[in-house]
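>>> I'll drop the sequence and a predicted model, then ask my questions.
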Amino acid sequence: MLKRVLDWLDERIEVRNLWETMTNRPIPGGSSWFYVLGSSLLFVFALQMVTGILLTLYYAPVPDHAYQSVKYIQEEALFGSFVRGLHHWGATFMVVLVSLHMLRVFVFGAYKKPREVVWLVGTGLFLIVFGFAFTGYLLPWDQKAYWATVVGTNVAGTVPVVGGFLLRIIRGGAELGDFALSRFFTIHTYILPWSLALLAGLHVFLLERAGAGGTWNAAERTPYRSEPLFPHQIFKDSIFILLLVLALSSFAHFFPAPLEPQADPTDSTYNPRPEWYFYAVFQMLRIFEGPFELIGTVVLPTVVITLLLLVPFIDRRPERDPWRRKAMMTAAALAVAGVMALTIAGARAPIVGVPAVTEESALAGRQVYARSGCVACHSIHGKGGTIGPDLTGVGARKDRAWLDKFLADPQAVKPGVLMPKPDVTDSERQELVDYLLSLKQ
């Protein structure tokens, strides 16, 4: 029966020729376990699509019902906990696999001519995977999802000039609510999947046109070790994918996806901790505080992404042997070590000193606070100077009228006080008041 179907298809679209073209593609230097990462990524992406579709059958993307729908999936739906576990751990596996794949391509020098465009598209896929991880974070609408997203979106608010505009675009308003959840759901389930599918197709097409890079010393081993994709490489890919299925199934069964209590926007005491693959970014928020905040939120990420895109144009020599590319390999080793160090530091320490404000004016006031040097005299949650009063919980001790009057003229309210009059505009003073009022605890 199967042969008759294949004969019917072959007569019309020549499927056997297509199969031969794909499986006979030569691999310079022969098959290798290093090459299983690309096909494994495609498999995990397909798995994420299937499990994601199953989850959307039950999920309600509105704050009033999002948490309860996820709880129903987790506790009552048939195989719901297992499917959600596969999706949860699949995200982690995608981040690991795409990072290893990028590192393997870099070490093998497979980004060099004529595969520069393949590398550029691959970098786009790398960023989309992290976009998936971030946008899917809010959907459970539990405490961790809500407050970690508050801190994550606050990063956009630190961009000079357009920060407030970006924050409104991302959140759909000043605070996380209906519009934010709807936008994150749309981006996560429609925009990013289609973007990744199109870029992945383009990536494979460009790779076919440019040819597989193979190992760095393929020229020395070819034609003695050049072999087609089938059967050896496909066998290795199949074995590795099978191991992935077993690993994912085991994690989903023995370590179900977590679900904390429902999000409470009034609980500003919650200390958000992201998933491990965002520890490095969140750790930079702890390192670069106050007037240096922009370095960790905008400057360094922009520099890293720009350098990734420029790799093929910085290292244009035809040499691919990693032992002869000492400068590039040293830079890569330092980058990997830096990310690992930040990740470990982020795992060990809680996120502090990042007020969980959601209102745009309060976020702008936090920037005024940092820009005006208030941190030199005042401390918040143990961070800052000791000359002036501790501002931790000042929002619960003072009202708007008192704070506004005091900041407008400290000497008029408290004669002899050491605090000078802040050099801010009237609108900036109101933003600073909004920020101080957000410090309830």
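Sure thing, it's come through.
>>> only C-alpha atoms for contact and neighbour calcs from this point on.
Will do.
>>> okay, now Val50: neighbour count?
When neighbours are counted by other Cα atoms under 10 Å, Val50 registers 13.
>>> chain center to the host helix or strand of it, what's the gap?
Here Val50 sits within helix 36-56, counting by DSSP states H and E. Mean-position distance between helix 36-56 and its chain equals 17 Å (Cα atoms, centre = their mean, to the nearest Å).
>>> next: stretch 140-151.
14 Å.
>>> follow-up on the earlier one: now the next helix or strand along the chain from the helix holding Val50: buried residues?
Once the chain leaves helix 36-56, the next helix or strand it forms, by DSSP H and E, is helix 66-75. Neighbour counts over helix 66-75 (16 or more other Cα atoms under 10 Å) mark 66-74 as buried.
>>> repeat for stretch 88-102
88-95, 97-98, 101-102.
>>> and Ala174, helix, strand or coil?
coil (DSSP: H, G, I helix; E, B strand; the rest coil).
>>> isn't it up against Arg168?
Yes. Using Cα atoms under 8 Å, Ala174 and Arg168 qualify as a contacting pair, with a distance of 6.0 Å.
>>> which helix or strand lies directly C-terminal to the helix or strand bottoming out on mean pLDDT in the chain?
Every helix and strand in the chain was compared by mean pLDDT, DSSP states H and E; the lowest is helix 218-221, with a mean of 55. As assigned by DSSP H and E, the chain's next helix or strand after helix 218-221 is strand 227-228.
>>> can I get stretch 245-261 in PDB, CA atoms only?
The C-alpha coordinates for stretch 245-261 follow below in PDB (Å, rounded to 0.1, in the frame of the first residue of the first chain):
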ATOM      1  CA  VAL A 245      12.500  12.600  23.700                       C
ATOM      2  CA  LEU A 246      13.400  10.400  26.700                       C
ATOM      3  CA  ALA A 247      15.000  13.300  28.600                       C
ATOM      4  CA  LEU A 248      12.100  15.600  27.900                       C
ATOM      5  CA  SER A 249       9.500  13.000  28.900                       C
ATOM      6  CA  SER A 250      11.400  12.200  32.100                       C
ATOM      7  CA  PHE A 251      11.600  15.900  33.100                       C
ATOM      8  CA  ALA A 252       8.000  16.500  32.300                       C
ATOM      9  CA  HIS A 253       6.900  13.500  34.400                       C
ATOM     10  CA  PHE A 254       9.200  13.800  37.400                       C
ATOM     11  CA  PHE A 255       9.600  17.600  37.500                       C
ATOM     12  CA  PRO A 256       6.300  19.100  36.400                       C
ATOM     13  CA  ALA A 257       6.200  22.800  35.300                       C
ATOM     14  CA  PRO A 258       5.900  25.000  38.300                       C
ATOM     15  CA  LEU A 259       2.900  27.200  39.100                       C
ATOM     16  CA  GLU A 260       3.100  29.700  41.900                       C
ATOM     17  CA  PRO A 261       0.100  31.500  43.500                       C
END
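>>> for the helix holding Val50, which outside residues touch it?
73, 80, 83-84, 86-87, 90-91, 93-94, 97-98, 100-101, 189, 193, 233, 236-237, 240-241 (Cα atoms under 8 Å, 6 or more residues apart in numbering).
>>> what mean pLDDT does it have?
If you average the pLDDT over helix 36-56, you get 95.
>>> between helix 66-75 and that helix, find me the angle.
Inter-element angle recorded for helix 36-56 and helix 66-75: 110 degrees (by axes from the mean of the first three to the mean of the last three Cα atoms, to 10 degrees).
>>> pull out the buried residues from helix 36-56.
Across helix 36-56, burial judged by 16+ other Cα under 10 Å covers 36-38, 40-41, 43-45, 47-48, 51-52, 55.
>>> make TSV from these and add distance to Glu14 to it.
Formatted as TSV, the buried residues of helix 36-56 follow (distance: Cα to Cα, whole Å):
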residue	distance to Glu14
Val36	28
Leu37	29
Gly38	26
Ser40	27
Leu41	28
Phe43	25
Val44	29
Phe45	28
Leu47	28
Gln48	31
Thr51	32
Gly52	33
Leu55	37
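>>> give me the nearest residue to the most centrally placed residue in the chain, chain neighbours excluded.
Nearest residue to the geometric centre of the chain (Cα atoms, centre = their mean): Phe130, 3.3 Å. Leaving out its chain neighbours, the residue that sits closest to Phe130 by Cα to Cα, 6 or more residues apart in numbering is Val95, at 7.1 Å.
>>> pretty sure that neighbour contacts Ile128?
No. Contact criterion Cα under 8 Å: Val95 and Ile128 do not qualify, at 10.2 Å.
>>> helices and strands around the one helix or strand the residue nearest to the centre of the chain maps to, which ones?
Phe130 belongs to helix 116-135 when assigned by DSSP H and E. Helix 116-135 sits against helix 80-108, helix 192-210, helix 300-314, with contacts defined as 3 or more Cα pairs under 8 Å, 6 or more residues apart in numbering; DSSP states H and E.
>>> pull out the buried positions in the shortest one.
So the one you mean is helix 300-314. For helix 300-314, by 16+ other Cα under 10 Å, it's 309, 311-312.
>>> now do that helix: everything it contacts.
Residues contacting helix 300-314 (Cα under 8 Å, 6+ apart): 111-113, 116, 119-120, 123.
>>> can you add distance to Gly393 and pLDDT and give those residues back as a markdown table?
Formatted as a markdown table, the contacts of helix 300-314 follow (distance: Cα to Cα, whole Å; pLDDT from 0 to 100):
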| residue | distance to Gly393 | pLDDT |
| --- | --- | --- |
| Tyr111 | 53 | 92 |
| Lys112 | 55 | 92 |
| Lys113 | 58 | 89 |
| Glu116 | 53 | 94 |
| Trp119 | 49 | 96 |
| Leu120 | 48 | 97 |
| Thr123 | 44 | 97 |
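>>> identify the farthest-apart pair in those.
The most widely separated members of those, counting by Cα to Cα, are Lys113 and Thr123 (16.1 Å).
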